[in-house]
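Visitor: have a look; sequence and predicted model below, questions after that.
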Amino acid sequence: MNGMCWHCDATDHDTADCPGRYKGGAVHGSYEDHVRHCADMQNERDGALLCRDIALKQLESLARDVVAPQPPPVQNDGTPVWDLVITDMRARKEFGGRKYGTYLQAFNGRDVLMDAYQEALDLCVYLRQAIEERRAG
C-alpha cells in the first residue's frame, strides 16, 4: 500500500479525490477509517462492491506476507534467544510462585489445555497487533 487509504490505493487516486467524509483528510490509512469510509460509500453507486474488493485486496496482501519465506538467520554477537527465554522463564516461575503461593504443578485442579489455549489466543492477538502496527508505521 502506498500510504493512502485502502479505497484510494485500490482505485489509484489521490486522497484529495477521495469521496466520503474523509475527503483529503489526514486520517487516511487505518482499518477503522476504512470501515467508516465504506459506511459513507454505501449510498454511492457500487460502493458496497468496491469496499468488498478493497477488503479482499488487503486480505490477499496479508496472506502473501504470512507465507513469504524468511532469510536464514545471520550469526552475530547478540545473546542467544534461548538464553533470553530461559531467563524469562525463571523470572515467570518466581513471579507465579509469589502470586499463587505455589509453583505450577501437574494435577493442580485446572484445565491445562484450556489455560494453554486461552494463552495462545492472547498471543495471536498480540502478534497480529504488532504486525499491524509495523505495517502502518
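Guide: Thanks, I have it. Numbers count the residues shown, from 1 in each chain.
Visitor: shaky segments in this structure?
Guide: 1-52, 55 (pLDDT under 70).
Visitor: what's the domain layout of it?
Guide: 6-67, 81-136 (automatic domain parsing).
Visitor: which residue ranges of the chain form helices?
Guide: Counting by DSSP state H, the chain has helices at residues 6-11, 31-41, 47-67, 81-100, 112-136.
Visitor: what about Pro80, how many residues nearby?
Guide: Under the neighbour criterion other C-beta atoms under 10 Å, Pro80 is assigned a count of 8. Quick note: C-beta positions are derived from backbone N, CA and C, even for glycine.
Visitor: just Ser61 next, same as before
Guide: Per other C-beta under 10 Å, the neighbour tally for Ser61 reads 13.
Visitor: the nearest residue to Gly97 once chain neighbours are set aside: how many residues sit nearby?
Guide: Spatial nearest neighbour of Gly97, excluding adjacent residues (C-beta to C-beta, 6 or more residues apart in numbering): Tyr103 at 5.0 Å. The burial count assigned to Tyr103 is 10, neighbours taken as other C-beta under 10 Å.
Visitor: got it, and Asp122?
Guide: The burial metric for Asp122, expressed as a neighbour count using other C-beta under 10 Å, is 10.
Visitor: then Ile54?
Guide: 21.
Visitor: same check, this time on the one 3 residues further on
Guide: Residue neighbour count, defined by other C-beta under 10 Å, stands at 14 for Lys57.
Visitor: with Leu56 instead?
Guide: Burial measure for Leu56: 11 neighbouring residues, criterion other C-beta under 10 Å.
Visitor: distance of it from Ala63?
Guide: 10 Å (C-beta to C-beta, to the nearest Å).
Visitor: please apply the same query to Ala130.
Guide: 18 Å.
Visitor: again, but for Ala106
Guide: Counting by C-beta to C-beta, the separation of Ala106 from Ala63 is 39 Å.
Visitor: quick one: which of those two has more around it?
Guide: Counted by other C-beta under 10 Å, Ala106 and Ala63 do not tie: Ala63 has more neighbours, with 10 against 5.
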